[in-house]
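J.: below: sequence and its predicted model.
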Amino acid sequence: MAQHTDEKPWPIVVGVDGSPCSQAALRWALAQAKSTGSAVEAVAAWQYPEVFGYSYGWVPSMPDGGEFAKAAERAVEETVATVRDQLDDPAQVAIRVAEGHPVEVLMDAGRNAQLLVLGSRGHGTFTGILLGSVSQHCVQHAPCPVVVVPQP
């Protein structure tokens, strides 16, 4: 198992977007953390929506980035609370919300993780796809082992 220089085990990082698949991934990560004595870090990403195709320099008004960050933080906090309430004596969960594309945020979090846990699909995928684009990219490029938890 990878370790920090102060000999504490690196955390199990789990991507959380509030979807049922990310809830299943968090449940799995908490069970793994309990059996290994590891810490869990729930990571959520947010980004400004893409704005293009507007003519004559007009761009629609957008809320402050803080609104997107607050929505992402609220989603991850609610997901963590819901999943922890379903378990007996769950591990503690640190929450991190970062600006950026989910792939970039999760790749960054994976640099200091013993394990990256993801749901097989999140909010941004088409029904019927077995593995979402974020999960697929992370499986192929993550700097640590990846566990993909199937849809419940």
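T.: Yep, it's here.
J.: what are the boundaries of the strands in this structure?
T.: 12-15, 40-46, 93-99, 115-119, 146-149 (DSSP state E).
J.: what pairs with the fourth one, parallel or antiparallel?
T.: It stands for strand 115-119. In the sheet, strand 115-119 lines up against strand 12-15 (parallel), strand 146-149 (parallel) (DSSP bridges).
J.: got the ones you listed as JSON lines, with mean pLDDT and mean neighbour count columns?
T.: The way it works is simple: take the backbone N, C-alpha and C, and place the C-beta from them, glycine included. Below are those laid out as JSON lines (pLDDT from 0 to 100; neighbours: other C-beta atoms under 10 Å):
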{"stretch": "strand 12-15", "mean pLDDT": "97", "mean neighbour count": "29"}
{"stretch": "strand 146-149", "mean pLDDT": "95", "mean neighbour count": "18"}
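J.: rewinding a little: among the strands of the chain, which is the most enclosed?
T.: strand 12-15 (a mean of 29; mean count of other C-beta atoms under 10 Å).
J.: and the longest helix seen in the chain, what does it pack against?
T.: For the chain, the longest helix by residue count, based on DSSP state H, is helix 65-85. Packing contacts for helix 65-85, counted by 3 or more C-beta pairs under 8 Å, 6 or more residues apart in numbering; DSSP states H and E, involve helix 20-36, strand 40-46, strand 93-99.
J.: list the buried residues in that helix.
T.: 68-69, 72-73, 75-77, 79-80, 83-84 (16 or more other C-beta atoms under 10 Å).
J.: so which of those residues comes closest to I95?
T.: V76 (5.5 Å; C-beta to C-beta).
J.: could you check how far that closest one is from S19?
T.: Distance, V76 to S19, using C-beta to C-beta, to the nearest Å: 11 Å.
J.: list the contacts for E78?
T.: G18 (C-beta atoms under 8 Å, 6 or more residues apart in numbering).
J.: which residue is the nearest non-sequential neighbour of K34?
T.: Using C-beta to C-beta, 6 or more residues apart in numbering and skipping the chain neighbours, the partner closest in space to K34 is A91 (5.4 Å).
J.: perfect, I'm done here.
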